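Participant: this is a predicted model, with the sequence first.
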Amino acid sequence: MNILENIKVVDLTTVVMGPYCTLHLADMGAEVIKIESTAGDSTRYLGPSHTGEMGSIFLHLNRNKKSVVLDLKSKEGKEHILSLIKDCDVFVHSLRNSSIERLGLSYEELKQINEKIIYCGMYGYGKEGRYNNKPAYDDIVQASSGIAATQGEMMGTPQYLATLIGDKTAGLVGVYAIIAALFHRERTGEGQEVEVPMFESLVSFNMVEHLYGHSFSPALGDAYYSRAVSSYRKPYKTKDGYLSVLIYNDKHWKSFFKAANKVELQKDPRFKDLSARTQHIDYVYETVENLMAKKTTEEWIPILEKADIPFAKIQDPVSLLSDEHLNDIQFFKEINHPEEGRIIQTKFPVNFSKSPSDNITPAPMLGEHNEEFLQNYNAENEK
């Protein structure tokens, strides 16, 4: 039995943030009914696709879900979604607060027909703040949350991360918030509204290390954690390539200096301990950079392995497909999609000993489950 089996989710989300949240719920066994307009989620048309309507990003975000097309501005469409919401456990949307209210799908309205509902609104910004109705996309929130500026400390100018960190961070926050609300309902019988704002989620994420000296009042130094934003913090260039190496604790440094035939550096006060190394982080990284450049990648690997120093080869999305560890655990699954043919999907990354989540059904075609839904709707109305 999957851990969220028999949990029914009505999913009114699009693009990445909301679908990434409901993806995890679906992977853990929840029945996720994805409500789409006649045009469909925009990610259907983003990225390569054989048919033009099942883009690669959509395939990854929407597996294990059902698709129902409804016009929520019509009376019939409104009646249909309310019939679904009436007996669902969770309702998730990613519309702005003003938009969801115009549709008549606010928490106050929905709890009148389903008092035990877990109502999760995924927003750009929290409802009580002055930004509450501003449009928000990943790039915008990377900028407003401090992520772009933090990356700029390393790169020289503000930079976006090369992944949708805001969307996916908020998506994961949504997952644990919904599950926590379900746990509360299990104990008390109470449903509730859950608000997940991307901006606040990413600020919280970033400031774990980058409030740093400003964690104190008055401040005890700079806001940035110097090791994380050092311009030297990057994969080291070897004679013929690159390696990621993290020489972190005192034992690592002693082993590294011995392996690199630089034992005299153990007496350098800038390498004395973690605090000293952090204060002189650019010098520390530059020293390692110069040493790493003296040998090839293949020469360094056995040296680092023998010294028990953490390292990794640089991988890209294609090389990961043949990664030995990922192949050991069968992380990539090749499945058949009725429209797209053979496609590759990643497995759910968490292992449950009693309730494994290992089933994968391909992302649905637009409106694929309308007939199933309408039959259930008509049967209910005939009672």
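Facilitator: Done, it's in.
Participant: where in this protein is pLDDT low?
Facilitator: Along the chain, segments meeting pLDDT under 70 span 377-383.
Participant: let's see 80
Facilitator: Along the chain, segments meeting pLDDT under 80 span 375-383.
Participant: break it down into its structural domains.
Facilitator: Under the assignment automatic domain parsing, the domains of the chain span 8-206+325-382, 236-313.
Participant: ranking those by burial, who's on top?
Facilitator: Mean neighbours per residue, mean count of other CB atoms under 10 Å, is largest over the domains of the chain for domain 8-206+325-382, with a mean of 18. C-beta: built from backbone N, CA, C; applies to glycine.
Participant: doesn't residue 243 belong to a strand?
Facilitator: Yes: under DSSP: H, G, I helix; E, B strand; the rest coil, residue 243 sits within a strand.
Participant: what separation do you get for it and residue 9?
Facilitator: Separation of residue 243 from residue 9 (CB to CB, to the nearest Å) stands at 43 Å.
Participant: how about residue 88?
Facilitator: On the measure of CB to CB, residue 88 and residue 9 end up 7 Å apart.
Participant: now do the shared contacts for these two.
Facilitator: Residues touching both residue 88 and residue 9 (CB atoms under 8 Å, 6 or more residues apart in numbering) are residue 33.
Participant: how about residue 99, secondary structure?
Facilitator: Three-state assignment for residue 99 (three-state DSSP): helix.
Participant: can you list contacts of the strand or helix carrying residue 9?
Facilitator: Per DSSP states H and E, residue 9 falls inside strand 8-12. Identification of contacts with strand 8-12 by CB under 8 Å, 6+ apart yields 18-19, 22, 25-26, 30-35, 65, 81, 84-85, 87-95, 105.
Participant: got it, and stretch 271-288?
Facilitator: Identification of contacts with stretch 271-288 by CB under 8 Å, 6+ apart yields 226-227, 230-233, 236, 245, 247-250, 253, 256, 265, 269-270.
Participant: and the spatially closest residue to residue 211 that is not a sequence neighbour, what element?
Facilitator: Using CB to CB, 6 or more residues apart in numbering and skipping residues adjacent in sequence, the residue nearest residue 211 is residue 223, 6.3 Å away. For residue 223, there is no enclosing helix or strand under DSSP H and E.
Participant: please begin residue numbering at 28 from this point
Facilitator: Sounds good: first residue 28 from here, last item residue 250.
Participant: who are the contact partners of residue 143?
Facilitator: Residue 143 is in contact with 116, 212, 216-218, counting by CB under 8 Å, 6+ apart.
Participant: if we go to 6 Å?
Facilitator: Residue 143 sits next to residue 218 when contact means CB atoms under 6 Å, 6 or more residues apart in numbering.
Participant: and the one 3 residues further on, by the same measure?
Facilitator: With contact set as CB under 6 Å, 6+ apart, residue 146 has these partners: 118, 134, 220.
Participant: any idea which of those residues is closest to residue 355?
Facilitator: residue 118 (39.1 Å; CB to CB).
Participant: now name the helix or strand holding the closest one.
Facilitator: Per DSSP H and E: strand 117-120 holds residue 118.
Participant: gap between the closest residue to residue 105 other than its chain neighbours and residue 111?
Facilitator: Distance criterion CB to CB, 6+ apart; nearest residue to residue 105, sequence neighbours excluded, is residue 99 at 6.1 Å. Distance check for residue 99 against residue 111: by CB to CB, it reads 12 Å.
Participant: which parts of the stretch 178-327 of the chain are helices?
Facilitator: Secondary structure of the stretch 178-327 of the chain (DSSP state H, counting those that start in this stretch): helices at 192-215, 225-237, 253-256, 277-286, 301-306, 308-319, 324-333.
Participant: re the thing from before, can I get the domains of the chain in a markdown table with distance to residue 239?
Facilitator: Below are those laid out as a markdown table (distance: least, CB to CB, whole Å):
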| stretch | distance to residue 239 |
| --- | --- |
| domain 35-233+352-409 | 11 |
| domain 263-340 | 10 |
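Participant: quick one: closest of these to residue 241.
Facilitator: Nearest to residue 241, of all these, is domain 35-233+352-409, at 11.5 Å by CB to CB.
Participant: quick one, what contacts the residue lying closest to residue 173 once chain neighbours are set aside?
Facilitator: Once flanking residues are discounted, residue 173 sits nearest to residue 233: 5.1 Å by CB to CB, 6+ apart. Applying CB under 6 Å, 6+ apart, one finds that residue 233 lies in contact with 172-174.
Participant: all helices of the stretch 28-177 of the chain, in order?
Facilitator: Going by DSSP H, counting those that start in this stretch, the stretch 28-177 of the chain shows helices at 44-54, 83-88, 102-113, 124-129, 134-137, 165-171, 174-182.
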